[in-house]
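Peer 1: Sequence and predicted structure are below.
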Amino acid sequence: MKESHKNMEIDDEEEFDLDLKEILLIFWKSRVIIIAVTSLFTVGSIIYSLTQPNTYTSESIVTAVNDQAGGKVSQGVNSLMKLATGAGLGGVGGGMGAGDKAVTTIESREFFKHLLDNYEFVGKHFIAFEKFDHSSQASIFDQNIYDDESKSWLDTKPSYLELYNDYGDMVSAEYRISKGTIELSVEHESPIFAYDFLTLIIQEVNNLRRKKDLSQSSKALEYLYLEATKNNLTVIQQSISQMITAQLGTQMLAKIKPEYMIQTFDKPFIPIEKSGPARLFITILGTILGMVLSLSFVIINYFLKENK
């Protein structure tokens, strides 16, 4: 039995050696095809990589401001409900943190729509951008879509939903929970636009949150002042007074703090060195793909002939 088992192992090894030698011989006989196809893919990948325009990435690191106003409002409302009903209701759930809120805002369709509708240079770069002129350091636009002299659109603008995927590819927002920071970046063929757009994103995240909080705070104050005239209970009056003070504090912070929702830790910059494309990687990948396809073709072609 042992000798039989050893003989089987020897036969398997010999068969493997024969198969390997046979495959190598097949490759050697078809070396012209393999070299030609691999070379073709290599040259093609080089040409493709060279035709791709350089892209530049502007980056920034920001920190999210704690959502203190929202917490005070929730606590005040719960206190008022407890006093008014005696029900002893628990607090409102914490919900999304300040960092997650900032990232969600930046990635939202509504935020992109706001940027597109309110800033002409954003629409120009998403819809009519043609190339970046390094000599003049200016963007060049398709004159069939946008007339730069008259500042007018010559073609129907696509909807923000059609452009949203481009926005997602261009803009990156990643919240690092362990560090408490948000890493923002914008990649574009124009280093100037990458910087300007990232700066605008940070500015508008703060402006929109400020506008929303001021609106909500004004409505809350209007309601609280009305409730103060209706209730004569001292404990309720004290609770309302505390909430009014909190709302007035929210309005003060919203009006005096330029960086209201996110604070810049590392400011955006105009990139000098390109971030893409990875031409060497594209060339290597094209070469490997060409080699795999050529070897596969040779093997398949050989077995098809053998089975005829």
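Peer 2: Yep, it's here.

Peer 1: Show the model's pLDDT score for Ile299.
Peer 2: What the model reports for Ile299 is a pLDDT of 84.

Peer 1: Surely it touches Leu24?
Peer 2: No. When contacts are counted by Cβ atoms under 8 Å, Ile299 is not listed as touching Leu24 (11.5 Å). Placement of C-beta: from N, CA and C, glycine included.

Peer 1: From the neighbour counts alone, determine which of those two ranks first.
Peer 2: A direct count of neighbours by other Cβ atoms under 10 Å for Ile299 and Leu24 places Ile299 higher, at 14 against 10.

Peer 1: Look up how far Arg31 lies from that one.
Peer 2: 14 Å (Cβ to Cβ, to the nearest Å).

Peer 1: Which secondary structure elements does the helix or strand hosting Met243 sit against?
Peer 2: Per DSSP states H and E: Met243 is located in helix 234-256. Identification of packing neighbours for helix 234-256 by 3 or more Cβ pairs under 8 Å, 6 or more residues apart in numbering; DSSP states H and E yields helix 68-85, helix 191-230.

Peer 1: angle of that helix against helix 191-230?
Peer 2: 160 degrees (axes from the mean of the first three to the mean of the last three Cα atoms, to 10 degrees).

Peer 1: sorry, back to before: what's the least confident stretch among the helices and strands packed on helix 234-256?
Peer 2: Least confident of the helices and strands packed on helix 234-256, judged by mean pLDDT, is helix 68-85 with a mean of 46.

Peer 1: Would you mark the buried spots in the helix or strand following it?
Peer 2: Next helix or strand after helix 68-85 toward the C-terminus (DSSP H and E): helix 98-107. Buried residues in helix 98-107, counted by 16 or more other Cβ atoms under 10 Å: 98-99, 101-103, 105-106.

Peer 1: Okay, buried residues for the following helix or strand past helix 98-107 please.
Peer 2: Counting by DSSP H and E, the element after helix 98-107 in chain order, helix or strand, is helix 109-118. By neighbour count on 16+ other Cβ under 10 Å, the buried set for helix 109-118 is 111-116.

Peer 1: Those residues: which two are farthest apart?
Peer 2: Using Cβ to Cβ, the pair of these lying farthest apart is Phe111 and Leu116, separated by 9.7 Å.

Peer 1: okay, and the common contacts of these two?
Peer 2: Contact criterion Cβ atoms under 8 Å, 6 or more residues apart in numbering; residues shared by Phe111 and Leu116: none found.

Peer 1: how about Ser217, what does it touch?
Peer 2: Taking Cβ under 8 Å, 6+ apart, we find Ser217 in contact with 69, 247, 250-251, 254.

Peer 1: and the chain, what are its domains?
Peer 2: 2-51+278-306, 56-266 (automatic domain parsing).

Peer 1: So for Ile272, which of the ones you listed sits nearest?
Peer 2: domain 56-266 (7.3 Å).

Peer 1: From the opening residue of the closest one to its closing one, how far?
Peer 2: Terminal residues of domain 56-266 lie 18 Å apart, using Cα to Cα, to the nearest Å.

Peer 1: which one is Met168 nearest to, not counting chain neighbours?
Peer 2: Check again: residue 168 is Gly, not Met. Closest residue in space to Gly168, ignoring its immediate chain neighbours: Glu107 at 7.4 Å, by Cβ to Cβ, 6 or more residues apart in numbering.

Peer 1: Now do stretch 252-269, average pLDDT.
Peer 2: Mean predicted lDDT for stretch 252-269 stands at 83.

Peer 1: And stretch 33-47, by the same measure?
Peer 2: When pLDDT is averaged over stretch 33-47, the result is 93.

Peer 1: returning to what we had before: could the domains of the chain go into TSV alongside distance to Ile272?
Peer 2: TSV is the format used below for the domains of the chain (distance: least, Cβ to Cβ, whole Å):
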stretch	distance to Ile272
domain 2-51+278-306	18
domain 56-266	7
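
Peer 1: Check those for me and report the most buried one.
Peer 2: Burial of the domains of the chain is given as mean neighbour count (mean count of other Cβ atoms under 10 Å); domain 56-266 ranks first at a mean of 16.

Peer 1: and that domain, how far from the chain's centre?
Peer 2: How far domain 56-266 lies from its chain's middle: 16 Å, per Cα atoms, centre = their mean, to the nearest Å.

Peer 1: Please apply the same query to stretch 287-301.
Peer 2: The answer for stretch 287-301 is 36 Å, by Cα atoms, centre = their mean.

Peer 1: surely Gly290 meets Thr42?
Peer 2: Yes. Gly290 lies in contact with Thr42 (Cβ under 8 Å); the separation is 6.2 Å.

Peer 1: Surely Pro53 is within a strand?
Peer 2: No. According to DSSP: H, G, I helix; E, B strand; the rest coil, the state of Pro53 is coil, so it is not within a strand.

Peer 1: quick one: contacts for it?
Peer 2: Pro53 is in contact with 131-132, 189, counting by Cβ under 8 Å, 6+ apart.
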